[in-house]
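# compute the structure for the input listed below.
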Amino acid sequence: MNKKANTANPVFNIQEQAPVEVFKKMCRLLEVYRHKFLCEDRKRSAGIITIPQQQYTHLMMIRFALPCNLSKIMEITALTSAGASLFVNKLVQKKILERIEDPKDRRNVIISLSDSARKEIAEIDNRLNMYLCKHFDSCTEEELLTLQKASHIVCNKLNAIPGNKD
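All right, here's what the predicted structure looks like:
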């Protein structure tokens with residue numbers, strides 16, 4: 001990699017980067033765009049808007065793992081047991097989350113989205129999809145197929161991690 005050219009131009013040349021660095025940059029860029037969209041879109045959301053930003057962020061983090069138990073919420077959000085319980089309690093009070101007794105284990109409580117929250121999050125995700133896809137409007141069909149193939153490979157490899165269902 002030509003360091004001199006790279007320091008002169010703050011936008012680094014993808015061809016000069018190691019594959020893992022390009023992948024990490026792609027992940028960061030996607031996360032920046034996703035976060036930016038969710039912060040802006042939150043202002044438009046009807047029911048979920050009533051929750052504080054941090055709770056909204058945690059809700060957006062756990063939405064694909066639901067229904068799940070409190071341990072999974074702790075794992076995803078990095079909240080403590082008390083913090084995760086408080087988070088769930090507040091969203092249950094606002095009728096965003098629901099607690100369901102696990103029929104297989106009465107000590108385990110399953111947390112899921114309420115019907116109204118599920119619909120609202122589906123709408124948010126649809127708007128997020130349209131927002132992200134807009135950035136690829138200028139891609140050729142070949143580029144889109146390459147992106148799709150690469151995305152499938154990454155998802156298959158990351159889902160190969162034991163216990164990873166989302």
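# any low-confidence regions in this protein?
Within the chain, the ranges that satisfy pLDDT under 70 run 1-17, 45-47, 49, 161-166.
# can you map out the helices along it?
3-8, 19-42, 53-62, 70-77, 81-93, 115-134, 141-159 (DSSP state H).
# got a list of what residue 139 touches?
Counting by CB atoms under 8 Å, 6 or more residues apart in numbering, residue 139 makes contact with residue 147. From N, CA and C alone the C-beta is placed, and that goes for glycine too.
# separation between it and residue 81?
45 Å (CB to CB, to the nearest Å).
# and residue 22, by the same measure?
38 Å.
# number of nearby residues for the spatially closest residue to residue 37 that is not a sequence neighbour?
Distances taken as CB to CB, 6 or more residues apart in numbering place residue 131 nearest to residue 37, at 4.9 Å, with adjacent residues excluded. Number of residues near residue 131 (other CB atoms under 10 Å) recorded here: 16.
# was I right to think residue 131 contacts residue 38?
No - contact criterion CB atoms under 8 Å: residue 131 and residue 38 do not qualify, at 9.7 Å.
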